[in-house]
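Provided below are the primary sequence and the corresponding predicted coordinates.
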Amino acid sequence: MISAITHIARLIRAGFVFAREGVFSVVDPSLVPPPGQLALRIARLIERPGAKSGPRLSRALTRLGPAYLKLGQFLATRPDVVGAGMARDLESLQDRLPPFAQSEAESVIAASLERPVAQAFASFGPAVAAASIAQVHRAETERRGVRTSVAVKVLRPDVAARFRRDLADFFFVAHNAEAHSAEARRLRLIEVINTMSRSVAMEMDLRLEAAALSEMAENTRDDPDFRVPMVDWDRTTHNVLTMEWIDGIALSDHARLEQAQVDLPELGRKVIQSFLRHALRDGFFHADMHPGNLFLDDAGRLVAVDFGIMGRLGMKERRFLAEILLGFITRNYRRVAEVHFEAGYVPAHHSVENFAQAIRAIGEPIHNRTAEEISMAKLLTLLLEVTGLFDMRTRPELILLQKTMVVVEGVARGFDPKLDIWKVADPVVREWIERNLGPVGRIEGAVSGAGELGRVLAALPSIASRSVAVLEQLETMTREGIRLSPETIAAMGRTEGRKSRWRTLALWIIAGTFIAILFAVRQL
């Protein structure tokens, strides 16, 4: 109970910040129950002057600190949860914070590497970029008299404790929302926060980011248009990541790209094909490919940095992506519908024909437009919206894929507004389909299936034994019923009583707080 009151106190503070920044003024009161409408009116009374201009939610999240900032960035990838308009607002959220002190950074490095900074690096400069979880310094290493420039990423001191506290508040909200809202259960809010929690946990262990760099380096070692920085494992720990310094031109610097006479349409092609190759071929893609994280090196290759957010697709998801893209291109809407059912994304009680009709409503307008007007990312966005009407549960990996595709398309079309996305994507998609869904792929699938069948057959005796035990237990329960001891019944009653008292107390605390805020405002 004390824990719940602590959560509520912190959430009320967050609500006050949201109200001051005008976040609640964009909520439609007709969509809110009567008690909530009163809360909205009170919230609008404490809105600060000028709050209605600019990205309100982004301002509020920035004021609330690193965990809320990261939550906003994460929700920008989930328009299915916050809506398309709010997701666009959150896209402007910049994960930029003032750097922490140089002395603190050097202390973290010395403790992590178990040696003074002067022994680990030939030179160590001030921070060149700072975000909510870590900041980056430029440094040099020396080996056999040769100096090499490196980027050193250092975790913020005590950032883990602050994230744990705020994530506990987010889980509290998600659990209560799912307990009282069918829509919250459909959106799987607990799973949303779980996914964010896992993502943040991985970002706060810089060894895992180094591992992602290493894995993508192996996947792309033969790619002519893409590479990633090399990791210095001798100077990488939980709190410190040391990697190759990239001197290329940032894709956000259009002036330098034009000055260097870079073929911009060709650069757009490289961005699209690299992303699709990673998603389809490798099932492992950089999920934060905005222009600031992409560079063009002297050899004309794309170089990606900041591997804190990565996406993965299993073979089922890759087949799903390839087949729906091919289905839309060939106008085979029934096949697109069947793929959803085969993947288990749409419940079997729905009609394939009705679902194919809904998909046709998305696909037909595409064929009345020129190629450069067709957005692959928008198509996936509309598809995911329609699937909600057919009880398709949220698939976080597909949402992350779709959101990354929006960013990648935006980057590519920034270099060539008339870029034909489908023509550029065709060789990558077709190569994957021929390799995995053609004769060779079917043979490999059959071999893999035979292996799975062999493992199932080997486990049959154990499965049969467990099944007999379960049946015997069910028979006993059917014959004698489920027995609960008096102590168990009494404990259940006490638990329910505590829950009821807690809910009542929580409502009074929230109501009292809003009334106090209202009186305070009227005194101003």
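Nice, I can see it. Numbers count the residues shown, from 1 in each chain.

all strands for the stretch 1-150 of the chain, in order.
Here the stretch 1-150 of the chain has its strands, by DSSP state E, counting those that start in this stretch, at 123-130, 134-143, 146-155.

quick one: buried residues of the first one?
Read that as strand 123-130. Across strand 123-130, burial judged by 16 or more other C-beta atoms under 10 Å covers F124, A127, A129, A130. Any C-beta I mention is one placed from the backbone N, CA and C, and that applies to glycine too.

out of those, which one sits closest to A279?
Nearest to A279 among those, counting by C-beta to C-beta, is A129 at 26.8 Å.

Give the bridge partners for that closest one, please.
With DSSP bridges as the criterion, A129 is bridged to V136.

any idea how far R318 is from it?
Using C-beta to C-beta, to the nearest Å, we find A129 at a distance of 33 Å from R318.

about what we covered before: quick one: which of the strands of the stretch 1-150 of the chain is nearest L57?
strand 123-130 (22.0 Å).

If you average pLDDT per helix and strand, which one of this structure comes out bottom?
Counting by mean pLDDT, DSSP states H and E, the chain has its least confident helix or strand at helix 486-523, which shows a mean of 53.

ok so, going back, turn the strands of the stretch 1-150 of the chain into TSV, columns for mean pLDDT.
As requested, the strands of the stretch 1-150 of the chain are exported to TSV (pLDDT from 0 to 100):
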stretch	mean pLDDT
strand 123-130	92
strand 134-143	94
strand 146-155	94
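
Distance to P365 added to those strands, as JSON lines?
Converted to JSON lines, the strands of the stretch 1-150 of the chain look like this (distance: least, C-beta to C-beta, whole Å):
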{"stretch": "strand 123-130", "distance to P365": "42"}
{"stretch": "strand 134-143", "distance to P365": "44"}
{"stretch": "strand 146-155", "distance to P365": "45"}
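
Distance from the chain centre to stretch 229-243, please.
Stretch 229-243 has its C-alpha centroid displaced from the chain centroid by 24 Å (C-alpha atoms, centre = their mean, to the nearest Å).

what about it, start to end distance?
6 Å (C-alpha to C-alpha, to the nearest Å).

For that stretch, what does the pLDDT average out to?
The average pLDDT within stretch 229-243 is 95.

Then stretch 19-30?
pLDDT averaged over stretch 19-30 gives 73.

ok, now stretch 48-59?
Mean predicted confidence for stretch 48-59 is 70.

quick one: the helices in the stretch 151-300 of the chain?
159-180, 182-187, 189-203, 206-219, 254-259, 264-276 (DSSP state H, counting those that start in this stretch).

out of these, deepest packed?
For the helices of the stretch 151-300 of the chain, the largest average neighbour count (mean count of other C-beta atoms under 10 Å) is found in helix 264-276, namely a mean of 21.

who touches that one?
223, 225-226, 251, 257-258, 285-286, 289, 294, 296, 302, 404-405, 408-409, 411-416, 419, 421, 424-425, 427-429 (C-beta atoms under 8 Å, 6 or more residues apart in numbering).

hmm, which of those are the buried ones?
Among the contacts of helix 264-276, the ones that count as buried by 16+ other C-beta under 10 Å are 223, 225-226, 251, 257, 285-286, 289, 294, 296, 302, 404-405, 408-409, 411-416, 419, 421, 424-425, 428-429.

for the stretch 51-200 of the chain, what are the low-confidence residue spans?
51-54, 77-85, 87-89, 91-95, 183 (pLDDT under 70).

and with 90 instead?
51-99, 129-133, 143-145, 156-200 (pLDDT under 90).

For A131, the count of nearby residues, please.
21 (other C-beta atoms under 10 Å).

How about the contacts made by L61?
Residues near L61 by C-beta under 8 Å, 6+ apart: Y68, L69, L71, G72, L90, L93.

wait, which of the residues you listed is closest to G15?
Out of the contacts of L61, the member with the shortest distance to G15 (by C-beta to C-beta) is Y68, at 12.1 Å.

count of neighbours near that closest one?
Residues near Y68, counting by other C-beta under 10 Å, number 22.

i'd like the first residue to be 59 from this point on
Yep, numbering from 59; the last one is Y126 now.

Now do the closest residue to it other than its chain neighbours against S190, distance only.
In this structure, Y126 finds its nearest non-sequential neighbour in L119, 4.5 Å apart by C-beta to C-beta, 6 or more residues apart in numbering. Using C-beta to C-beta, L119 is found at 10 Å from S190.

Mind listing the shared neighbours of those two?
Residues touching both L119 and S190 (C-beta under 8 Å, 6+ apart): L127.

which residues sit against stretch 270-278?
Residues contacting stretch 270-278 (C-beta under 8 Å, 6+ apart): 284-289, 301, 336, 339-340, 342, 344, 362, 365, 368.
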